[in-house]
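>>> Mind looking at a prediction? Sequence and model below.
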Amino acid sequence: MKTVQVQICRREDCLDLSLPAYMSEHASGMDLLAAVQGEEIIGPGAWKRIPTGIFIAIPDGFEAQIRPRSGMALKHGISLVNSPGTIDADYRGEIGVLMINHGSEPFTVSRGDRIAQMVIVPVFRAEWVQVQALPETRRSSGGFGHTGMREGDDKGTE
């Protein structure tokens, strides 16, 4: 497995919280912890920025993606407003998680809760090549829903 070194700093009042960590041998995302003082309540339909207390320096050519935790989505309807969130290599501010409550009950975030996952991924920059026409494909300009919902609905398209 390949690794990349990422520099990290913590707020002084967050030294009691663990650094982001992989929770299993083959996990691709590291869990981020809530650095709230006490508790934050997110009402149904509401969203809040939850601090993590960490600052990172991502190497050039990489980004961090902040993703929801599937268990929170399944059990409570909790997700992220901008999913996945992108942290660019030149950002040096505190990482905040924009949590949203799609559930029907208020959701409580407590200090140290695992609230999201962070994945470090390589980034490629696009170089535009302007052409008169694009190469044809079987899909062509087929858009949203063009392949149907069930096997066989595609009528020969992809």
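On my side now, so go ahead.
>>> Break down this structure into its strands, ranges please.
Applying DSSP state E to the chain gives strands spanning 7-10, 21-22, 30-33, 39-42, 47-51, 54-57, 62-67, 78-80, 85-87, 96-101, 107-110, 114-122.
>>> Mind listing residues that contact the longest one?
Read it as strand 114-122. Contact with strand 114-122 is made by 4, 6, 20, 28-34, 50, 52, 58, 61-69, 72, 80, 84, 87, 95, 97, 99, 109, as judged by C-beta atoms under 8 Å, 6 or more residues apart in numbering. (Each C-beta comes from the backbone N, C-alpha and C, glycine too.)
>>> Convert the C-alpha atoms of that strand to PDB, please.
Below are the C-alpha coordinates for strand 114-122, written out as PDB (Å, rounded to 0.1, in the frame of the first residue of the first chain):
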ATOM      1  CA  ARG A 114     -16.400  10.100  15.000                       C
ATOM      2  CA  ILE A 115     -18.200  12.400  12.600                       C
ATOM      3  CA  ALA A 116     -16.800  11.900   9.100                       C
ATOM      4  CA  GLN A 117     -14.100  10.200   7.100                       C
ATOM      5  CA  MET A 118     -11.100  11.800   5.400                       C
ATOM      6  CA  VAL A 119      -9.500  10.200   2.300                       C
ATOM      7  CA  ILE A 120      -6.300  11.500   0.800                       C
ATOM      8  CA  VAL A 121      -6.300  11.100  -3.000                       C
ATOM      9  CA  PRO A 122      -4.100  12.100  -5.900                       C
END
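>>> these two touch, right, Cys9 and Leu19?
No - counting by C-beta atoms under 8 Å, Cys9 does not reach Leu19; the two are 10.4 Å apart.
>>> if we can go back for a sec, of the contacts of strand 114-122, which count as buried by neighbour count?
6, 20, 29-34, 50, 52, 58, 63-69, 72, 80, 84, 87, 95, 97, 99, 109 (16 or more other C-beta atoms under 10 Å).
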